[in-house]
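**Q** give me a model of this one.
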Amino acid sequence: MSEKILYLTTSFPNALQTGQHFLLDLIKYVSQRYDVVVVTHRCANSLPHEKLNNIEVYRHMILPFGDFGLNTGEGIFANIMRNKALLLLVPFYFLAQCITTLKTIKTNKIRVIHANWILPSGLVAVVVKLLTRANMKILLTMRGSDINSFNDPISTTLKKFILSHVDEATVVSEILKAKVEKLGYAKKVYVIPTGVYTDKFTPNSDKDYKQPRFIYVGSLIESKGVIELVEAIRLSKAQLPNIHLDMVGNGPLKSYIKQQIMDHSMASNISLRGVIPNDQMPDQYNNNDVFILPSHAEGFPVTLAEALSCGLYCITSDIPVFAQLETHADFIKTCKTGSAEALAKAMAEISRQPEFLQQSAKQAREYAIQHLSKETSNATFLDIFKLLLS
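**A** Have a look, this model is predicted:
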């Protein structure tokens with residue numbers, strides 16, 4: 001394997017976190033055909049240089065004395081939206097990733113850079129290529145938060161500059177494709193959902209759906225709509241006293257949710273499950289009947305793909321990526337973004353339709369197999385690398 005591919009990313013597990021990670025899964029697959037090197041942020045319990053599954057990983061710091069929470073939890077974009085002061089650290093992050101990338105290129109014959117997220121990694125890839133004048137190709141993958149966030153004139157100009165210097169581009173939804181094209185990218189934009197292992201996330205055929213249970217999977221943060229979701233459960237209690245929601249995940253709103261559960265006597269209605277290992281998630285989905293995700297913004301969340309693969313009906317916000325899916329499918333219901341009342345109404349309606357839930361389970365599963373298979377998405381990336389290296 002003589003061809004080397006360099007992955008630039010702000011999110012990558014360390015040696016103690018080798019469970020499923022959407023990018024690690026892809027890189028493992030690509031590494032069967034090509035040599036792979038990763039440049040990423042140095043997280044807790046990680047080393048500056050380590051090997052994961054025979055993949056070389058080089059990690060950089062932001063500042064010698066810490067990153068002040070810039071790239072923890074939900075990631076750079078979400079953290080900046082909560083604390084604008086973190087913007088001051090972005091130039092240091094960019095510089096640190098540039099330096100580490102330049103050092104990595106110096107010791108490795110890199111043919112392709114696969115930059116994940118347009119900022120900062122896309123900018124790093126373009127700047128490094130311009131500085132070194134190396135004969136490298138750039139593949140840029142945009143996942144949602146990078147395109148949806150920071151649309152001021154300066155950021156928009158920067159995005160256009162980056163897109164003008166990449167060789168191929170991928171996004172996770174048709175909605176993001178339209179946004180990238182609106183930024184002036186004239187080449188083909190590949191739509192490749194993050195994908196799910198449909199042979200692992202399989203439905204439970206023994207459900208009766210007489211008293212549907214609901215599940216939320218994601219970070220406990222405001223932009224995921226968890227505040228209105230908890231309020232929707234409170235509103236639903238009078239009509240549906242046995243309504244139950246599993247909340248899988250962690251985040252800064254956990255203590256707020258605990259307080260709401262106590263204040264409104266919802267201990268029997270909401271269960272905080274914390275972070276659950278991915279290999280246990282199929283059982284978690286199958287213990288429930290309806291997946292609920294009232295996010296304020298998304299690319300195409302892998303949790304939605306997992307839920308569909310398990311045959312769960314989905315209730316979501318009406319942001320464009322979900323609204324577009326609803327026009328083609330009966331297994332999803334969108335509600336007004338930010339409205340607890342709309343969520344409560346949708347949960348009440350679906351709770352009265354066990355036969356419809358059973359029918360929609362088959363449709364959801366079929367859609368996941370046809371459109372959201374990780375095997376298909378991984379193979380598409382491999383085809384793009386073959387094209388870039390030809």
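
**Q** in the chain, which helix or strand is least confident?
**A** One helix or strand of the chain scores below all others by mean pLDDT, DSSP states H and E: helix 76-82, with a mean of 75.

**Q** dump that helix to PDB, restricted to CA.
**A** The C-alpha coordinates for helix 76-82 follow below in PDB (Å, rounded to 0.1, in the frame of the first residue of the first chain):
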ATOM      1  CA  ILE A  76     -16.100  23.500  18.300                       C
ATOM      2  CA  PHE A  77     -19.200  25.000  16.600                       C
ATOM      3  CA  ALA A  78     -21.600  24.200  19.400                       C
ATOM      4  CA  ASN A  79     -19.200  25.400  22.100                       C
ATOM      5  CA  ILE A  80     -18.600  28.700  20.300                       C
ATOM      6  CA  MET A  81     -22.300  29.300  19.900                       C
ATOM      7  CA  ARG A  82     -22.600  28.900  23.700                       C
END
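
**Q** which elements pack onto that helix?
**A** For helix 76-82, the elements it packs on are helix 90-107, helix 145-148, judged by 3 or more C-beta pairs under 8 Å, 6 or more residues apart in numbering; DSSP states H and E. (C-beta placed from N, C-alpha, C; glycine too.)

**Q** neighbouring contacts of it?
**A** 10, 69-73, 86-87, 90, 93, 120, 145-146, 149-150, 219, 221, 223, 252 (C-beta atoms under 8 Å, 6 or more residues apart in numbering).

**Q** buried subset of these, written for PyMOL?
**A** In PyMOL, this line selects whichever of these come out buried by 16 or more other C-beta atoms under 10 Å:
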select buried, resi 10+70+71+86+93+120+145+146+150+219+221+223
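
**Q** against Thr72, how distant is Pro64?
**A** 17 Å (C-beta to C-beta, to the nearest Å).

**Q** check contacts around the nearest residue to Ile369 once chain neighbours are set aside.
**A** In this structure, Ile369 finds its nearest non-sequential neighbour in Thr198, 5.2 Å apart by C-beta to C-beta, 6 or more residues apart in numbering. By C-beta under 8 Å, 6+ apart, the contact list for Thr198 reads 309, 368-369, 372-374.

**Q** could I get the full set of helices for the stretch 151-300 of the chain?
**A** Counting by DSSP state H, counting those that start in this stretch, the segments of the stretch 151-300 of the chain that form helices are 153-163, 174-182, 226-236, 254-263, 281-286.

**Q** remind me which residues of the chain are low pLDDT?
**A** 1-2, 14-20, 44, 73-74 (pLDDT under 70).

**Q** residue contacts, the residue nearest in space to the middle of it?
**A** For the chain, Pro301 is the residue whose C-alpha lies nearest the centre (C-alpha atoms, centre = their mean; 4.8 Å). Pro301 makes contact with 194, 218, 293, 295, according to C-beta under 8 Å, 6+ apart.

**Q** one more pass at 7 Å, please.
**A** Leu293 (C-beta atoms under 7 Å, 6 or more residues apart in numbering).

**Q** repeat for Glu56
**A** Contacts of Glu56 (C-beta under 7 Å, 6+ apart): 37-38.

**Q** the helix or strand where it lies: partners in the sheet, and parallel or antiparallel?
**A** Here Glu56 sits within strand 55-60, counting by DSSP states H and E. Its sheet considered, strand 55-60 pairs with strand 35-41 (parallel), strand 49-52 (antiparallel) by DSSP bridges.

**Q** and among those strands, the most buried is which?
**A** strand 35-41 (a mean of 23; mean count of other C-beta atoms under 10 Å).
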